[in-house]
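J.: only geometry, no sequence info:
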């Protein structure tokens, strides 16, 4: 019986012993021009993520019901966000830097994989960035080199529920950053190709549930297979 199973692009690879990372990467390392900064290893069977997704869907449904009669455009944007998140593939992203050449020369970058099931995500360099959240429609937009986060998020795509001051940038390498986008507090933050930009919902005393919704969306986005 396999101790470790790694799925790569729907193909399963089994290891009878706990392999080191370099052993897992070796069969694919030179088959394509992988964009190693976005490579990621996920652990399967994390029921907590599915529980979080269901709680989030329920919370969004409550908000949709609240605006059903008075703001159909806002309801449409929330419905498509709910559909987007329902379709996400989720697994726990492990805090491991995936780089074949680095794993070959550094013991620290070449850990043992404990017994279990994993997804290994390898992609070539993407030319898009995904935007979602309090915007009129989830979208893929062209990646802009040497460009600040604020250039991706315009007033035309924000909804009335959007936070105007900052966005959450989840870089392709898994790092989460709060990027200021308002004209009065803007700080230059570039976006890696293949990253995610979440426009959070504004929080207030009158709508405290958006604090929870924002955190739930971030948690899922951090553990999402692209």
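T.: Noted; the coordinates are in hand. Just so you know, these numbers come straight off a predicted model, no measurement behind them.
J.: How much space separates residue 132 from residue 213?
T.: According to CB to CB, to the nearest Å, residue 132 and residue 213 sit 13 Å apart. Quick note: C-beta positions are derived from backbone N, CA and C, even for glycine.
J.: All the strands of the protein, in order from the start?
T.: Along the chain, the segments classed as strands by DSSP state E run 4-8, 11-15, 40-43, 89-90, 92-93, 116-121, 128-133, 139-142, 166-170, 176-180, 196-199, 224-225.
J.: and residue 189, which of the ones you listed is closest to it?
T.: strand 176-180 (4.4 Å; CB to CB).
J.: Parallel or antiparallel, list what pairs with the closest one.
T.: Each strand pairing with strand 176-180, determined using DSSP bridges, is listed with its direction: strand 166-170 (antiparallel).
J.: Give me the angle between the partner strand and strand 128-133.
T.: For strand 166-170 against strand 128-133, the angle by axes from the mean of the first three to the mean of the last three CA atoms, to 10 degrees is 130 degrees.
J.: Strand 166-170: how far from the chain's middle?
T.: For strand 166-170, the distance between its averaged C-alpha position and the chain's averaged C-alpha position is 11 Å (CA atoms, centre = their mean, to the nearest Å).
J.: I would like the residues contacting that strand, please.
T.: Contacts of strand 166-170 with the rest of the structure, by CB atoms under 8 Å, 6 or more residues apart in numbering, involve 133, 149, 153, 176-182, 185, 189, 191, 195-200, 214, 218, 221-222.
J.: now do 7 Å
T.: By CB atoms under 7 Å, 6 or more residues apart in numbering, the residues outside strand 166-170 that reach it are 149, 153, 176-181, 189, 191, 195-200, 218, 221-222.
J.: Report the rounded mean pLDDT for that strand.
T.: In this model, strand 166-170 has a mean pLDDT of 97.
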